[in-house]
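Trainee: give me the fold of what follows.
(2 chains, ligands or ions: 3)
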Amino acid sequence: MKKFKFSEEFNRKVAPTVARYPRAEAALIPLMQEVQRELGHFPDEAAQALAGLLGVSYARVKGVLTFYTMFRREPGGKYLLQVCRNLSCHLAGSVKLLEYLKGRLGIEEGGTTHDGVFTLITAECLGACGTAPVMMVNDDYHESLTVEKLDKLISDLRAAAKAHK
Amino acid sequence: MGEQILLKHKVVSLDGYKASGGWTALEKATRMEPAAIIDEVKKSGLRGRGGAGFPAGLKWSFIPKDSPKERYVVCNADEGEPGTFKDRELIRMNPYLLIEGMAIAGRAIGARTGYIYIRGEFAREAALLEKCIGEAKVSGFLGDKLFGSAFGFDLHVHKGAGAYICGEETALLESIEGRRGQPRLKPPYPAVEGLFACPTVINNVETLAAVPAIIERGGAWYAGIGAGKSTGTKLFSISGPVKKPGVYEADLGIPFKTFLEDYAGGMADGKKLKAVIPGGSSTPVLTAEEALNAKLDYESLAAAGSMLGSGGIIVIAEGTCMVDALLVLAKFYHHESCGQCTPCREGAGWTETVLRRFEEGGAKPGDADLLLSIANNMMGRTICPLADALAMPVISFIAKFRDEFDAHAAGNTCRMGASR
Ligand SMILES: Cc1cc2nc3c(=O)[nH]c(=O)nc-3n(C[C@H](O)[C@H](O)[C@H](O)COP(=O)(O)O)c2cc1C
Ligand code: SF4
Ligand code: FES
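Mentor: Ligands and ions are numbered 1, 2, ... in the order given. Coordinates of the predicted model:
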């Protein structure tokens, strides 16, 4: 396995994160989140390195990595689209939104577009059912969605991704 | 409409909070004996707003008085129960209420440290809490020697990473400790052996946010609001086809019909009420008639055969296929089972498989009974109540809408298909 090197920024955050808890191992998930925030996903090599850093087993880090759905082990698109599929969103038409996205982006659930801009997945209740149907784009909530709003949103995101290239 | 205690002010700055009367309860608490704080909370009748409705003061009193260990206050802001979106609103409206409530809880149980476990998706709300905590520390409302007393309290935000089961209190503790979120066997209860094996109080956001008003105005004042043993106000989050879905604070005991019409604006687009899930997706469904005769409090909803739960009300209109709705819930609980207990892991999987037969074709006449028998085998046999949380909807959906299940089985398909 390739040796993983933490960033300077990450290294600066280790001590204050660990200091929040009486046991270093409690900093595991926050530090995993920090790695993912920097890289966009959490590579397996980082699991080995983090295990060493906190003095926990590699198996434990892998166990955590596979248990929590927000950790992404493979690189994905620039924008992660998460469509809520739970009851309130379902009643408000989330199935239609998902079908629309699959069609427009030409991918299935779990897929990433060829240009690397979008990854599409479904999520369970996102805790915003009053403004159903709901979709997250990375850390942002998009609420009370309709196919029209979604259509514009996707166009805007595509344009933003192009402008950044 | 009754008095607003939790959603009274939109406050997002420390100065704004002070101006609204903030921190006076904490100051008072630093001068009170811990036992007197717990007594006041007991007197208020405040019950847990996370779902189970356990009396908060009583829970605090279980913390061993003589333990030499550290103690912790943990706030459950995981908000994952489908249909529930009140804690997010409360944090956005007034994050300081929660912060002050946690500090008072710390004073009451002798804790110097608190953690807010907030679901990872609420990144904005987590950042808001971090900002407010930081400012409170700088201004001396958190940290050492508060208000010149010997009491100090520090607070940290801990973000979840996507797992509904971490809303269960012991799974949440495992998660803070840096492990997979698998519920622990109880006893020991968290009050005795909780976070880092130390005595711990875990409460929901809304429970803790109600504490400052109780300390400031007295338990008796709070107990005078509401109905019988359901004291105080409650945040109800209502979703589904109503005119004004959202989060509303109302006195416990308000009739559902009044709430639906006066707060949520009634049904949207001339739709007709068919069913109501009154307290988050795990609480038994009520028919329209049952719901319209029910009051929104712990005892009335129990008498109606359901539960107040988290106060997450999901409204279902005529034309909705109940088999399809139940399948959505079964998929969810199956996906979220942590897998430790066979009845939960296998039962949830089976329930989903059988429900798919109803929706996609291939259901047999006895399949509704098969679902009931799977559900009965899941109830009360597991480490945590997640298995019950699926069994209860299954049993209630079939009891009240059996004809739809039978029609699916007979016709081999879903005739409504409306929402799919
Ligand atoms: C599967 C499951 C999920 C739960 N999710 C939550 C949740 O998201 N938020 C919450 O406050 N309580 C949740 N609870 C209830 C907690 O276990 C616990 O009872 C609660 O945090 C106690 O606080 P309270 O007494 O103030 O309600 C959940 C329970 C179970 C079994
Ligand atoms: S009931 Fe289900 S979720 Fe709860 S501990 Fe057992 S397997 Fe895990
Ligand atoms: S069901 Fe989609 S946010 Fe709750």
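Trainee: going by C-alpha atoms from here, please, whenever you check contacts or count neighbours.
Mentor: Will do.
Trainee: would you mind listing what in chain A touches ligand 3?
Mentor: A:84, A:86, A:87, A:88, A:89, A:125, A:126, A:127, A:128, A:129, A:132, A:134 (C-alpha under 6 Å from any ligand atom).
Trainee: for the last one, what are its contacts?
Mentor: Put plainly, it is residue A:134. A:83, A:84, A:89, A:94, A:126, A:128, A:141, A:142, A:143, A:144, A:145 (C-alpha atoms under 8 Å, 6 or more residues apart in numbering or on different chains).
Trainee: next: residue B:294.
Mentor: B:255, B:256, B:257, B:300, B:301, B:304.
Trainee: what about the residue nearest to the spatial centre of chain B, which helix or strand?
Mentor: Nearest residue to the geometric centre of chain B (C-alpha atoms, centre = their mean): residue B:50, 2.7 Å. For residue B:50, there is no enclosing helix or strand under DSSP states H and E.
Trainee: distance of it from residue B:79?
Mentor: Note on residue B:50: its distance to residue B:79, by C-alpha to C-alpha, to the nearest Å, is 8 Å.
Trainee: swap in residue B:30?
Mentor: Per C-alpha to C-alpha, residue B:30 is found 30 Å from residue B:79.
Trainee: these two: which is more packed in?
Mentor: Ranked by neighbour count (other C-alpha atoms under 10 Å in any protein chain shown), residue B:30 and residue B:79 place residue B:79 first, with 27 against 22.
Trainee: which residues touch that one?
Mentor: Counting by C-alpha under 8 Å, 6+ apart, residue B:79 has contacts A:127, B:85, B:87, B:88, B:118, B:119, B:167.
Trainee: just residue B:372 next, same as before
Mentor: Contacts of residue B:372 by C-alpha under 8 Å, 6+ apart are B:394, B:395, B:398.
Trainee: ok, for the residue of chain A most remote from its centre, nearest residue in space, not its chain neighbours?
Mentor: The outermost residue of chain A relative to its centre, with distances by C-alpha atoms, centre = their mean, is residue A:22 at 28.4 Å. In space, and not counting its chain neighbours, residue A:22 is closest to residue B:196: 8.0 Å by C-alpha to C-alpha, 6 or more residues apart in numbering or on different chains.
Trainee: helices along chain A, start to end?
Mentor: Along chain A, counting by DSSP state H, helices occupy A:8-18, A:28-39, A:44-54, A:58-67, A:87-91, A:94-105, A:147-164.
Trainee: please see if the first one touches chain B.
Mentor: No - counting by C-alpha under 8 Å from any C-alpha of the partner chain, no contacts exist between helix A:8-18 and chain B, the nearest distance being 10.0 Å.
Trainee: ok, residues contacting that helix?
Mentor: Here helix A:8-18 has contacts from A:24, A:25, A:26, A:27, A:30, A:31, A:34, A:35, using C-alpha under 8 Å, 6+ apart.
Trainee: go again using 6 Å as the cut-off
Mentor: With C-alpha atoms under 6 Å, 6 or more residues apart in numbering or on different chains as the test, helix A:8-18 has contacts from A:24, A:27.
Trainee: which parts of stretch A:60-70 are buried?
Mentor: Residues A:61, A:64, A:65, A:67, A:68, A:70 are the ones in stretch A:60-70 that count as buried (16 or more other C-alpha atoms under 10 Å in any protein chain shown).
Trainee: hmm, I was thinking of stretch B:140-147
Mentor: B:141, B:142, B:143, B:144, B:146, B:147.
Trainee: and that stretch, how far from the chain's centre?
Mentor: Relative to its parent chain, stretch B:140-147 has a centroid offset of 30 Å by C-alpha atoms, centre = their mean, to the nearest Å.
Trainee: phi first, then psi, for residue A:138.
Mentor: With angles defined as degrees, to the nearest 10, residue A:138 sits at phi 50, psi -120.
Trainee: test my guess that it contacts residue A:82.
Mentor: No - shown here, residue A:138 and residue A:82 do not form a contact pair, counting by C-alpha atoms under 6 Å, at 8.1 Å.
Trainee: tell me which element the residue nearest to residue B:29 when sequence neighbours are not counted falls in.
Mentor: Once flanking residues are discounted, residue B:29 sits nearest to residue B:104: 6.3 Å by C-alpha to C-alpha, 6+ apart. According to DSSP H and E, residue B:104 maps onto helix B:95-109.
Trainee: mind checking if that helix is in reach of ligand 1?
Mentor: No - using C-alpha under 6 Å from any ligand atom, no contact is recorded between helix B:95-109 and ligand 1, whose separation bottoms out at 11.5 Å.
Trainee: now do the helix or strand following that helix against helix B:95-109, angle only.
Mentor: Sequence-wise, the next helix or strand downstream of helix B:95-109 (DSSP H and E) is strand B:113-118. On the basis of axes from the mean of the first three to the mean of the last three C-alpha atoms, to 10 degrees, strand B:113-118 is oriented at 140 degrees to helix B:95-109.
Trainee: and the following helix or strand past strand B:113-118, what's buried?
Mentor: Later in the chain than strand B:113-118, the nearest helix or strand by DSSP H and E is helix B:123-138. Neighbour-count burial for helix B:123-138, counted by 16+ other C-alpha under 10 Å, picks out B:123, B:125, B:126, B:128, B:129, B:130, B:132, B:133, B:136.
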